[in-house]
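[1] got a structure for you, letters missing:
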């Protein structure tokens, strides 16, 4: 039974629960918008990295170089889309 | 097809490796798709017209349940892949089954949430904000729904054919999809719900 629950994945799950609880503090504690957004950005991106490495095994095969380049490319395009849109449509430049 | 026995089943043939890399490239495109939805959401979030704002309709309890259900399902499918590598067919099927049940419970909460929104006067056509909100949540929910059917098909194949290089490859690719949906949910949870309620 014990072999079915590898330590690495159990620790990963516990850590992801902790990150979620930290993110929830934004709602339950009183904090400014800037501090809250910083907490959310940090917890969300750590959480995504955790899933990618611990659960999706992104770095374990020979193709890991291609996989990481492809994911970074996807993330960069997504971030440019989001922040480019904010820049042009909301922040008013 | 040449089989490499030093690797886990899902990586054991050249074709399998290509399938996994191909699916990662698809996930890269999915990241961009959700990027455009988030860009539209942040643009339209204050355009509430005569309808309610996020702070007025979001409720923390169902969102917390949804988050913990999906996080746990992401963990259990990880355990499923681990059991698959130990060639434990029964445990693989049990973990995949638990994953799909958690996914179904998640969808139940989401459907309930959508009904509540519509009752509170936040339907798809109410305002730019409600349109993009329901489109973003709905795109994620549709992915989960598709995943449920895909997962059931995978479980049936494992049951019938056992753990072969093909079924292991398909199961691993499905696990990548499921984890990806969890990652997308984390961003929805943080930047749609928590940001909206802050």
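    Here it is on my side, so go on. Being a predicted model, the structure only gives us computed values, none of them experimental.
[2] retrieve the pLDDT associated with residue B:6.
    On pLDDT, residue B:6 comes in at 77.
[3] give me the neighbour count for it.
    6 (other Cβ atoms under 10 Å in any protein chain shown). To be clear about C-beta, it is placed using only N, CA and C from the backbone, and glycine gets the same treatment.
[4] so it, which of the three states?
    Following DSSP: H, G, I helix; E, B strand; the rest coil, the label given to residue B:6 is coil.
[5] distance of residue A:90 from residue B:43?
    From residue A:90 across to residue B:43, the span is 6 Å (Cβ to Cβ, to the nearest Å).
[6] next up, the contacts around the closest residue to residue B:49 other than its chain neighbours.
    Leaving aside its sequence neighbours, residue B:49 sits nearest to residue B:127 (Cβ to Cβ, 6 or more residues apart in numbering or on different chains; 3.7 Å). Residues in contact with residue B:127 (Cβ atoms under 8 Å, 6 or more residues apart in numbering or on different chains) are B:47-51.
[7] circling back: neighbour-wise, which of residue A:90 and residue B:43 wins?
    A direct count of neighbours by other Cβ under 10 Å for residue A:90 and residue B:43 places residue B:43 higher, at 17 against 13.
[8] the more buried one is in contact with residue A:89, isn't it?
    Yes. Using Cβ atoms under 8 Å, residue B:43 is in contact with residue A:89, at 4.7 Å.
[9] quick check: neighbours shared by the two?
    By Cβ under 8 Å, 6+ apart, no residue touches both residue B:43 and residue A:89.
[10] quick one: residue A:46 and residue A:19 touch, right?
    Yes. The criterion here is Cβ under 8 Å, and residue A:46 meets it with residue A:19 at 6.0 Å.
[11] name the residue in those two with the higher neighbour count.
    Higher neighbour count among residue A:46 and residue A:19: residue A:19, with 18 against 15, using other Cβ under 10 Å.
[12] residue A:9: what's it in contact with?
    Counting by Cβ under 8 Å, 6+ apart, residue A:9 has contacts A:54-55, B:75, B:78-79, B:82.
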